[in-house]
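> just to be clear, the model below is a prediction. Sequence and coordinates:
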Amino acid sequence: MTFDDSGAVAAPPCVDVDAAEPIERVSGLSQEEFVRRYRKPRRPVILTDALRQWPALGRYTPDFFKREHGDRLIRIRGHDYRLAEVIEQQEASDEQHPGPYPCTFSDCASLLPDISPRFAQSLPSRHASSLIPKALFEWVNHLEIFFGGPGGQFPYLHYDYLRMHAWIAQMYGDKEFTLYERGQEPLLYVDPLKPWLSRVEHSESPDDERFPLFRQARCHKVVVHAGEALFLPCGTWHTARCLNVGITVAFDQLGSDNWAEFVDEVCAAERRAQRNGRAVVLAVYLHMLGPWLDFSERWDARRSEAGRRGDWGVH
């Protein structure tokens, strides 16, 4: 649901985010317990020990990337930079004068040994399946590395495209996330043409005349520290802000539990593009594919977990 931009409604008082239920930090969680307590009920959570097997933990520092990948070209808001140049600007930045952001690279295939194995709670993931048309993921980067400095933040409130679960693995520094409770779309001024985006810019200091209802939305703030992984269930509206120089590995997850939402979003995107026939064909195919993938995943779960690297869906 969306609203007009009239300022006729008086802005309500700010909601105290501290009154909301906090995001839990847990460790020693089995995959079964994670699914029961968090994935099925769509509850965000921070896993404090999920990254302990990754060689990248402790290795991925600003100096490492300046030394090993500093010449890589990064395009940020229409400008090309060397990665080392961006990191140096972020290191010299502060909240009032942030460095270039968002700074990402998604050509991560050579880095997979550093971030493997994919931990159990983030499995299964269907991106690598040859049965899913790759064109559906044209605008999706399944795996990205973000570099940020103090004050760096994405200006729009959003959820991850195509209703996929998101994982935020913080490798260096600290990052603050603001997560909005589910079912509040009428307060978030959703863009009807891009329904994964809110029209509210700079949600920390919104325009109360244009978006008078936004301050009624309940949210949770949480800081993810180096070595921790934040789980964002599909459809979780959120923003992120770098508190200091940081490096984040972000990746998504598609499985049986969010398959129906993924299919609905794929078909809705086709209809918005006025490809109604394609939407019908995809709906039939993907709904039939779901049970086959369910069976394949149950079969794979009985086999060795040595092949987790392929689950990244990166080639």
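Happy to help now that I have it. Numbers count the residues shown, from 1 in each chain.
> what segments of this structure are strands?
Assigned by DSSP state E, the chain shows strands spanning 25-26, 45-47, 73-76, 79-82, 103-105, 143-148, 156-158, 165-172, 175-180, 197-201, 219-224, 229-232, 238-242, 246-253.
> how much does the last one deviate in direction from strand 238-242?
In this case it means strand 246-253. Using axes from the mean of the first three to the mean of the last three C-alpha atoms, to 10 degrees, the direction of strand 246-253 lies 160 degrees away from that of strand 238-242.
> same for strand 246-253, what does it pack against?
strand 143-148, strand 165-172 (3 or more C-beta pairs under 8 Å, 6 or more residues apart in numbering; DSSP states H and E). C-beta here means a position set from N, CA and C on the backbone, and glycine is covered the same way.
> between those strands, which one is nearest to Tyr81?
strand 143-148 (10.5 Å; C-beta to C-beta).
> circling back: and the strands of the chain as CSV, adding mean pLDDT, distance to Ala260 and mean neighbour count?
Output for those, formatted as CSV (pLDDT from 0 to 100; distance: least, C-beta to C-beta, whole Å; neighbours: other C-beta atoms under 10 Å):
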stretch, mean pLDDT, distance to Ala260, mean neighbour count
strand 25-26, 96, 27, 14
strand 45-47, 98, 22, 22
strand 73-76, 90, 35, 14
strand 79-82, 91, 40, 12
strand 103-105, 88, 29, 19
strand 143-148, 95, 24, 23
strand 156-158, 92, 21, 20
strand 165-172, 98, 13, 23
strand 175-180, 96, 22, 21
strand 197-201, 93, 22, 19
strand 219-224, 95, 26, 18
strand 229-232, 98, 18, 24
strand 238-242, 95, 22, 23
strand 246-253, 96, 15, 24
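> can you lay out these as CSV showing distance to Gly277?
Listed next are those as CSV, based on distance: least, C-beta to C-beta, whole Å:
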stretch, distance to Gly277
strand 25-26, 46
strand 45-47, 41
strand 73-76, 35
strand 79-82, 40
strand 103-105, 35
strand 143-148, 32
strand 156-158, 29
strand 165-172, 30
strand 175-180, 35
strand 197-201, 27
strand 219-224, 40
strand 229-232, 33
strand 238-242, 35
strand 246-253, 28
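> in this protein, where is pLDDT below threshold?
By pLDDT under 70, the low-scoring segments of the chain are 1-21, 301-311, 313-315.
> middle-most residue in it, spatially?
Per C-alpha atoms, centre = their mean, the C-alpha nearest to the average position across the chain is that of Ala166, at 4.0 Å.
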